[in-house]
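Colleague: Provided below are the primary sequence and the corresponding predicted coordinates.
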Amino acid sequence: MSWLDTIIQGILLGGLYALFAAGLSLVFGIMRLVNLAHGDLIVLAAFLVLLLVSALGLNPFAAAAVALPVMFALGWALQFLVLNRTLGNDILPPLLVTFGLSVVIQNGLLEGFSADSRRISVGALETASLKIGPVSIGAMPLLTFLSAVGVIVALNLVFYRTPLGRAFRATSDDSATAGLMGIRAERIFATATGLAMMVVTIAALYLGTRANFDPTMGPARLIYAFEAVIIGGLGSFWGTLAGGIIIGVAQTVGAAINPEWQILAGHIAFLLVLVVRPRGLFPRAVD
């Protein structure tokens, strides 16, 4: 039963990693843009939620709802005014610009909030749990996983069942031809990044409520996000969820064997999947 509990906790942890990765998967699937500042944007959103909770006395979930349009606007402006200028056949400009953005965000947060770690309190939910037979499931981990599934379902519906989704797919396949049909690729790309920032805000809510966070932890979240996206297959939303679950289960199993192996076990699982399936489990993106 202890191993069953370990695996269940790993699956629930995978939901958090899937939330980290979903926005990254959306942006890469549409623009082939690798955003090295993605982890720092998650931390920025977590501090925004914390600021709203502290300054306005809002419930963390209400604060996240307020932060959603703010982060959408930030993502839209960032893509439209800055990142669109870096897109092209050369992958180096986006990498350099987003790396610089990562440094700016980290140092800005250090100046504004210091290096102290913070946490967003959700009261009784932090210790609440659901007993299912011999297994106890924490309320927050379960809520995180259900939110991850909800985000993946919502992204799939938007991507495959709406006019906006058709515009996403058209600009992803051939932005020049889409432009001839009246689709403005630069605005579609900006909207995609705005949506990704909304997903980032949801991920930030659960990051801040489930663990301590500080201004310098963004790169580690970026690594987990990259691994989940690559395991699942570039551009595949359900694959991203599967990738997050694989990393989460590997980490909890590794920690059960030896606590020092937790992080290493996740990286080993990532490498093993790459050996067996170099393009990931469910690749959508094509060259």
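Modeller: Looks like it came in fine. Numbers count the residues shown, from 1 in each chain.
Colleague: could you pull out the helices in the stretch 151-287 of the chain for me?
Modeller: Taking DSSP state H, counting those that start in this stretch as the criterion, the stretch 151-287 of the chain carries its helices at 163-180, 185-210, 218-232, 237-257, 262-276.
Colleague: these into TSV, with extra columns for distance to M140?
Modeller: Placement of C-beta: from N, CA and C, glycine included. Listed next are the helices of the stretch 151-287 of the chain as TSV, based on distance: least, Cβ to Cβ, whole Å:
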stretch	distance to M140
helix 163-180	31
helix 185-210	6
helix 218-232	17
helix 237-257	14
helix 262-276	19
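Colleague: which among those helices is found nearest to L16?
Modeller: For L16, the closest of those is helix 185-210, at 5.7 Å, according to Cβ to Cβ.
Colleague: so how far is stretch 145-153 from its chain's centroid?
Modeller: Centroid separation between stretch 145-153 and its chain, computed with Cα atoms, centre = their mean, to the nearest Å, is 12 Å.
Colleague: any buried residues in it, and which?
Modeller: Residues of stretch 145-153 classed as buried: F145, S147, A148, V151, I152 (neighbour count, 16 or more other Cβ atoms under 10 Å).
Colleague: ok, now which ones touch I268?
Modeller: I268 makes contact with A250, G254, according to Cβ atoms under 8 Å, 6 or more residues apart in numbering.
Colleague: do you know how far it is from L274?
Modeller: In this structure, I268 and L274 are 11 Å apart, going by Cβ to Cβ, to the nearest Å.
Colleague: just for the stretch 101-250 of the chain, where's the confidence low?
Modeller: Within the stretch 101-250 of the chain, not a single segment meets pLDDT under 70.
Colleague: can you rerun that using 90?
Modeller: The model of the stretch 101-250 of the chain has pLDDT under 90 over residues 114-115, 122-138, 169-170, 172-185, 211, 233-236.
Colleague: now S114. Its backbone dihedrals?
Modeller: Recorded main-chain torsions at S114 are phi 70, psi 180, according to degrees, to the nearest 10.
Colleague: count the residues that sit near it.
Modeller: Look at S114: counted by other Cβ atoms under 10 Å, it has 11 neighbours.
Colleague: also E260?
Modeller: Applying other Cβ under 10 Å, we find 10 residues neighbouring E260.
Colleague: and for the one 5 residues further on?
Modeller: A265 sits with 22 neighbouring residues when counted by other Cβ under 10 Å.
Colleague: identify the residues contacting it.
Modeller: Contacts of A265 by Cβ under 8 Å, 6+ apart are A250, Q251, V253, G254, A255, I257.
Colleague: export those residues as TSV, with columns for neighbour count.
Modeller: Shown next, in TSV, are these (neighbours: other Cβ atoms under 10 Å):
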residue	neighbour count
A250	26
Q251	24
V253	19
G254	22
A255	18
I257	12
